[in-house]
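*Asks:* Below are the sequence and a predicted model; questions follow.
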Amino acid sequence: MDMNEMMKKAQEAAELIQKQMGEAQAKLDSLEVEGVSGGGLVKIRCTAKGRILGVAIDDSLIVPADKQILEDLVTAALIYVHILSLTLWFGGLFGYVAVVWPAIMSEADGAFPRALLARIAMRTAPWIYLGMAAAVMSLAGIWVMDAAAARTPWLIAYTLLLTALVANNVYGSVVAWPRIMLLPQRLVRREWFWFRVRMSVSLVVGLLLYSVAIITT
């Protein structure tokens, strides 16, 4: 078996594994789980992937008039978590785009500083992804807890923009960043340029969403 055939089979195996993982993830998201506490007085429905579908509190636990207050408090807490998450996400991205990357490139003396970029990314990217994940989960919680607000056009537009930013970040990490780490020096600068453009656009849109979140709370 020659090298080309081995590489082809390895690629086919990788694609099969990726397909199977995607199918497993989809099945997890379609599997509904219900958590019950207090003999059924408090129930939380979610998917096996952790997506919250609903929270139910039995009226016997609280005065009916207080139930709406409690739900409003939960929604307010989710909004607070969402804003903090955006701060972590886009604060980290601002540090990358406006401070860290320009400083590294200015000291590179013509060579592409691949190793230094990788070290910094390994230390800081997890915090950005933590903020991103918390922002997505808290926004999902707001949709569940405040059905009326979830139907407003501005929140739908906000959610779509945030989803686009998540997709851009994932693309940057899964597709663009490996190229930056592996491409030859003569090709990597073009990839790096477009990577920075996409991250800069994400930063601008993210700061806009952050401002909207602050103004509307």
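*Replies:* Happy to help now that I have it. Numbers count the residues shown, from 1 in each chain.

*Asks:* Leu86 touches Ala135, doesn't it?
*Replies:* Yes - under the criterion of Cβ atoms under 8 Å, Leu86 makes contact with Ala135 at 5.5 Å. From N, CA and C alone the C-beta is placed, and that goes for glycine too.

*Asks:* chain center to stretch 126-144, what's the gap?
*Replies:* Counting by Cα atoms, centre = their mean, to the nearest Å, stretch 126-144 is centred 6 Å from the centre of its parent chain.

*Asks:* Go through that stretch and flag the buried ones.
*Replies:* 128-129, 131-132, 134-144 (16 or more other Cβ atoms under 10 Å).

*Asks:* In strands, which of those fall?
*Replies:* Using DSSP state E, no member of the buried residues of stretch 126-144 falls in strands.

*Asks:* so which of these would you say is closest to Asp58?
*Replies:* Within those, proximity to Asp58 (Cβ to Cβ) peaks at Val144, which comes in at 17.6 Å.

*Asks:* Would you check how far apart that closest one and Ala164 are?
*Replies:* With distances taken as Cβ to Cβ, to the nearest Å, Val144 is found 21 Å from Ala164.

*Asks:* How many residues are close by Arg190?
*Replies:* Residues lying near Arg190 (other Cβ atoms under 10 Å) number 11.

*Asks:* Helix or strand: which one has Ala103?
*Replies:* helix 101-106 (DSSP states H and E).

*Asks:* C-alpha coordinates for that helix, CSV please?
*Replies:* Provided in CSV are the C-alpha atoms of helix 101-106 (Å, rounded to 0.1, in the frame of the first residue of the first chain):
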residue,chain,number,x,y,z
TRP,A,101,-1.2,40.4,18.4
PRO,A,102,0.2,43.9,17.2
ALA,A,103,2.9,43.7,19.9
ILE,A,104,4.0,40.2,18.9
MET,A,105,4.1,41.0,15.2
SER,A,106,6.1,44.2,15.8
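
*Asks:* Against which helices or strands is it packed?
*Replies:* Packing partners of helix 101-106 (3 or more Cβ pairs under 8 Å, 6 or more residues apart in numbering; DSSP states H and E): helix 114-145.

*Asks:* So for Ser200, what's the pLDDT?
*Replies:* As predicted, Ser200 sits at a pLDDT of 92.

*Asks:* Thanks again, I'm all set now.
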